[in-house]
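Enquirer: Whatever this is, show me its structure:
(one chain, ligands or ions: 1)
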Amino acid sequence: MIADDVARGFARVIERTAFILGAEVAEFEAAFARFSGVAHCVGVASGTDALELALRAAGVGPGDEVILPANTFAATALAVTRAGATPALVDCDPVHLLIDPAAVEARLGPRTRALLPVHLYGQMPPMEELEAIARRAGLVLVEDAAQAHGATRHGIGAGGFGFAAGTSFYPGKNLGAYGDAGAVLTASAEVAARVRALRNYGSEIKYRHPERGFNSRLDTLQAVVLLAKLPHLAAWNRARREGAQRYDELLAELPRVTRPATLPGNEHVWHLYVVRVPGRDRVLERFAAAGISAGIHYPTPIHLLGAFAHLGHRQGDFPVAERAADEVLSLPLFPGITAAQQERVVDELRRALA
Ligand SMILES: Cc1ncc(COP(=O)(O)O)c(C=O)c1O
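Expert: You can find the predicted model right below:
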């Protein structure tokens, strides 16, 4: 049982009073790197920190623009501003709602320094195209893999394409901690060492601080939780995939519902099962009345959030992301969901659209 493993692990940490960067942190980092198929994992305090530290490790900062999709969680853009750089937003493709390589190409400019694609809902955008653009334009490629534990593109996992990937173990993620936690994944020992220093006050050797860093370590108690859960992650991802397939079948008879599509070449881990429906808010109300909790990811694209008003965008700038914001609906999906629960969700959806 996970709860027993966690209790035993907590007791060990408490007995040793090794609360900061204890052995479990290194053990989890090695295990999650193996799971992800990349050489290095550095545990940090959150997914937002992971992205910020990856960007900082690449030397991204004031005066630099970082291209990212308008259709993502605010934290992707916040990581850029926290690194001192400026988000350069682009639209997504209308089928998968993933960052559109053609839009990236069109947005390149003299200040573009980095490219930050998001593996939204559990699948990767066409990384080979993005990698080629980054190489041609001399950009640093950092992946937002917060929603994509175990996802691959043509067999390659997050962190395997570019400079590094940042991921989150927020409790609702495919692998969730008992609080905030995150990690940087990278194929480069040098990048891993840079992030290790940045997360620990800019210091690799105690009381030596060659640079200004942060306090952003993966908590040892959270590492215990993540170590206890990690052996189950592959099975949980399989269960999510089966749940997604069942929704696909059940929804085939509802022509007004657009089902999510998997980009060929992707191993999708179904962090979210996102459909598109007309009159989405009415459907959501009916779900709430029936005790079904569905979500919207995300109701407002980045360029229309108050936090990013300074970028000077207007309604209409990213029409695909804006339309998606009005239509997307994340149906309940978690590893233990039953066929009966999914049928009930689809029945309610059918009634709402009637
Ligand atoms: C796409 C995306 N990026 C970044 C984050 C930020 O992660 P955290 O909440 O751990 O800071 C999240 C999750 O919250 C996310 O979904």
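
Enquirer: So Leu185 sits against Ala158, correct?
Expert: Yes: counting by Cβ atoms under 8 Å, Leu185 does reach Ala158; the two are 5.9 Å apart. For glycine as for every other residue, the C-beta is placed from the backbone atoms N, C-alpha and C.

Enquirer: Give me the buried positions along the helix or strand hosting Glu249.
Expert: Glu249 is located in helix 220-251, with elements delineated by DSSP states H and E. Residues of helix 220-251 classed as buried: 220-230, 233, 236-237, 239-241, 243-244, 246-247, 250-251 (neighbour count, 16 or more other Cβ atoms under 10 Å).

Enquirer: And stretch 317-325, by the same measure?
Expert: Within stretch 317-325, the residues that qualify as buried are Asp317, Phe318, Val320, Ala321, Glu322, Ala324, Ala325, counting by 16+ other Cβ under 10 Å.

Enquirer: Can you say which two of the residues you listed are spatially most distant?
Expert: The largest distance within these, taken as Cβ to Cβ, falls between Asp317 and Ala324 and amounts to 13.9 Å.

Enquirer: thinking again about what came up before, for Leu185 and Ala158, list the residues in contact with both.
Expert: Common neighbours of Leu185 and Ala158, counting by Cβ atoms under 8 Å, 6 or more residues apart in numbering, are Ser36, Val38, Ala145, Ala165, Thr167.

Enquirer: In contact with His268, which residues are there?
Expert: By Cβ under 8 Å, 6+ apart, the neighbours of His268 are Gly122, Gln123, Ala151, Arg241, Ala244, Thr262.

Enquirer: Could you export those as JSON lines, including distance to the ligand and pLDDT?
Expert: Formatted as JSON lines, those follow (distance: Cβ to the nearest ligand atom, whole Å; pLDDT from 0 to 100):
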{"residue": "Gly122", "distance to the ligand": "10", "pLDDT": "98"}
{"residue": "Gln123", "distance to the ligand": "12", "pLDDT": "98"}
{"residue": "Ala151", "distance to the ligand": "12", "pLDDT": "98"}
{"residue": "Arg241", "distance to the ligand": "19", "pLDDT": "98"}
{"residue": "Ala244", "distance to the ligand": "18", "pLDDT": "98"}
{"residue": "Thr262", "distance to the ligand": "18", "pLDDT": "98"}
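
Enquirer: quick check, nearest of these to Gly279?
Expert: When the contacts of His268 are ranked by distance to Gly279 (Cβ to Cβ), Ala244 comes first, at 23.3 Å.

Enquirer: does the closest one really touch Val274, like I thought?
Expert: No: counting by Cβ under 8 Å, Ala244 sits too far from Val274 to count as a contact (10.3 Å).

Enquirer: okay, and the common contacts of these two?
Expert: With Cβ under 8 Å, 6+ apart, Ala244 and Val274 have common neighbours Pro260.

Enquirer: Could you list the residues of the protein in contact with the ligand?
Expert: Contact residues (Cβ under 6 Å from any ligand atom) of the chain with the ligand: 46-48, 72-73, 75-76, 118, 144, 146-147, 168, 170, 180, 182.

Enquirer: Report the central residue of this structure.
Expert: Nearest to the mean C-alpha position of the chain, by Cα atoms, centre = their mean, lies Ala146 at 2.0 Å.

Enquirer: List the residues that contact that residue.
Expert: Gly47, Phe73, Ala75, Val118, His119, Gly166, Thr167, Ser168, Tyr170, Lys173, Gly182.

Enquirer: Chain neighbours aside, what residue packs nearest to it?
Expert: With Cβ to Cβ, 6 or more residues apart in numbering as the criterion, Ala146 has its nearest non-adjacent residue at 3.8 Å, and that residue is Ser168.

Enquirer: give me the number of residues near the one you found?
Expert: Using other Cβ atoms under 10 Å, the number of residues around Ser168 comes to 28.

Enquirer: what's it in contact with, if anything?
Expert: Contacts of Ser168 by Cβ under 8 Å, 6+ apart are Ser46, Gly47, Thr48, Ala50, Ala75, Ala146, Gln147, Ala181, Gly182.

Enquirer: Give me the pLDDT for it.
Expert: Ser168 is assigned 98 on the pLDDT scale.

Enquirer: repeat for Glu348
Expert: Reported pLDDT for Glu348: 97.

Enquirer: quick revisit: between the contacts of Ser168, which is nearest the ligand?
Expert: The closest of the contacts of Ser168 to the ligand turns out to be Gly47 (Cβ to the nearest ligand atom; 2.4 Å).

Enquirer: Show me the strands in the stretch 251-354 of the chain, by range?
Expert: Assigned by DSSP state E, counting those that start in this stretch, the strands in the stretch 251-354 of the chain fall at 266-267, 273-276, 328-331.

Enquirer: Those strands into JSON lines, with extra columns for mean pLDDT and mean neighbour count?
Expert: Supplementary listing: these in JSON lines, determined by pLDDT from 0 to 100; neighbours: other Cβ atoms under 10 Å:
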{"stretch": "strand 266-267", "mean pLDDT": "98", "mean neighbour count": "20"}
{"stretch": "strand 273-276", "mean pLDDT": "98", "mean neighbour count": "22"}
{"stretch": "strand 328-331", "mean pLDDT": "98", "mean neighbour count": "22"}
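
Enquirer: If anything else comes up later, I'll come back, but that's it for now.
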